[in-house]
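Just to be clear, the model below is a prediction. Sequence and coordinates:
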Amino acid sequence: MSTETLTVPRSVTDLTAYFVSQGNDTTASQATFDGVQLVAKELAALTRLPYDLAEDAIIDLAALLATSMAFSFAKKEDQVGFNGTGLSTEGGIQGITTLLLDSSHTAGKIAAGATRTSFETLNLLDFHSTMAKLPQYAMAGAKWYISSFGYATSMQRLEYAAGGNTAPIIANGVPVQMYLGYPVVISQVLNATAGADASKIACLFGDLKMASSLGARREFRIDSSRERYFEFRQIGIQGTQRFDINNHDLGDTTDAGPIVALQKAAS
């Protein structure tokens, strides 16, 4: 993002193709576009490091703190991008799971079969039904998005129960996580509840690039100051980042968007 606010063009309707005969003109058509707005929000983390600890430590504590901040920022991006509720404490960002559970995007989710309220009871039909819900145009770049717990207790459970496995396969696992022909992306902010957890989203399936936009005004940066906490003989270390996430294409009450959800049964 070159400025605080960025509008990303989005195609609403495509051009129309027509058959033409020799000597006749081609019928003109118009593609229409609108804009997806991104407004940079600042994310920050601040900590203090004593002078003597910084001087005497065998390892570079400042580098460890910077790494910790970077992980914290990455986790926060996932949290708000997937589960954000739109509150100011979450940068005003509404996450995919939040939107898919509201009344405006009902076509974008499929409910698991009756009584299948947990990862441990989901079956192959539930995942096939989720795939069938996704529009064809989003299939080429589709992936599964699920927590590691959900993956192990539903997808892997069903794979190993299908038979045909050898001892080395079970011992070594699968080098690239795939399920039903599509990559599996693990995100620990997605649902990871053991046992019954009625009506919660178990996983997502689709093309995240088509459903969402992430804009970065300032990438992760770290600064330090010896003045801020001078009287405590401590160094202030602060990490900052400016970004926004807009989950703009999740379908409506009639048509599913480019990413859909498998929802655990209500009871």
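Done, it's in.

By mean pLDDT, which helix or strand of this structure comes out lowest?
Lowest on mean pLDDT, DSSP states H and E among the helices and strands of the chain sits helix 167-172, with a mean of 67.

Look through the protein and tell me its longest helix.
For the chain, the helix with the greatest residue count under DSSP state H is helix 61-83.

Can you name the element that comes right after that one?
The helix or strand immediately downstream of helix 61-83 is helix 96-100, counting by DSSP states H and E.

show me where the stretch 151-267 of the chain has helices.
157-161, 167-172, 208-211 (DSSP state H, counting those that start in this stretch).

For residue 4, which non-adjacent residue is closest in space?
residue 40 (5.0 Å; Cβ to Cβ, 6 or more residues apart in numbering). C-beta here means a position set from N, CA and C on the backbone, and glycine is covered the same way.

Isn't that neighbour up against residue 217?
Yes: in this structure, residue 40 is within contact of residue 217 by Cβ atoms under 8 Å, at 3.6 Å.

which residues are common contacts for those two?
Counting by Cβ atoms under 8 Å, 6 or more residues apart in numbering, the common neighbours of residue 40 and residue 217 are 1, 4, 242-244.

Can you tell me which of these has the most neighbours?
Using other Cβ atoms under 10 Å as the neighbour test, those are led by residue 243, with 24 neighbours.

So in terms of bridging, what pairs with that one?
residue 41, residue 216 (DSSP bridges).

and it, what does it touch?
40-41, 43, 77, 214-218.

Separate out the buried members of those.
Buried subset of the contacts of residue 243 (neighbour count, 16 or more other Cβ atoms under 10 Å): 40-41, 43, 77, 215, 217.

Quick check: of those residues, which lies closest to residue 65?
residue 43 (15.9 Å; Cβ to Cβ).

tally of neighbours for the nearest residue in space to that closest one that is not next to it in sequence?
Distances taken as Cβ to Cβ, 6+ apart put residue 241 closest to residue 43, at 4.8 Å, once the chain neighbours are dropped. Neighbour count for residue 241, taken as other Cβ under 10 Å: 23.

list the helices and strands the longest helix of the chain packs on?
Using 3 or more Cβ pairs under 8 Å, 6 or more residues apart in numbering; DSSP states H and E, the elements in contact with helix 61-83 are strand 41-50, helix 51-56, helix 96-100, strand 212-225, strand 234-247.

Output the below-cut-off pLDDT ranges for the stretch 151-267 of the chain.
165-175 (pLDDT under 70).

what about 50?
Judged against pLDDT under 50, the stretch 151-267 of the chain has no low-scoring part.

number of nearby residues for residue 135?
With neighbours defined by other Cβ under 10 Å, the count for residue 135 comes to 15.

isn't residue 249 right up against residue 207?
No: judged on Cβ under 8 Å, residue 249 makes no contact with residue 207 at a distance of 9.6 Å.

shared neighbours, these two?
Jointly contacting residue 249 and residue 207 under the rule Cβ under 8 Å, 6+ apart are residue 258.

Show the contacting residues for residue 258.
Neighbours of residue 258 in contact, by Cβ under 8 Å, 6+ apart: 134-135, 137-138, 206-207, 210-211, 249.

Any chance of CSV for those, columns distance to residue 184?
As requested, the contacts of residue 258 are exported to CSV (distance: Cβ to Cβ, whole Å):
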residue, distance to residue 184
134, 15
135, 20
137, 21
138, 17
206, 13
207, 14
210, 18
211, 17
249, 22
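
which of those lies closest to residue 21?
Among these, residue 137 lies closest to residue 21 (Cβ to Cβ), at 30.0 Å.

Now that closest one: phi and psi?
phi -60, psi -20 (degrees, to the nearest 10).

Leaving out sequence neighbours, find the closest residue to it.
Nearest to residue 137 is residue 258, by Cβ to Cβ, 6+ apart, at 7.2 Å.

And the one you found, how close does it get to residue 99?
Here residue 258 is placed at a distance of 13 Å from residue 99 (Cβ to Cβ, to the nearest Å).

same deal with residue 259?
10 Å.

Those two: which has the busier surroundings?
residue 259 (26 against 20).

my guess is the more buried one contacts residue 209, does it?
No: taking contacts as Cβ under 8 Å, residue 259 lies outside contact range of residue 209: 9.6 Å.
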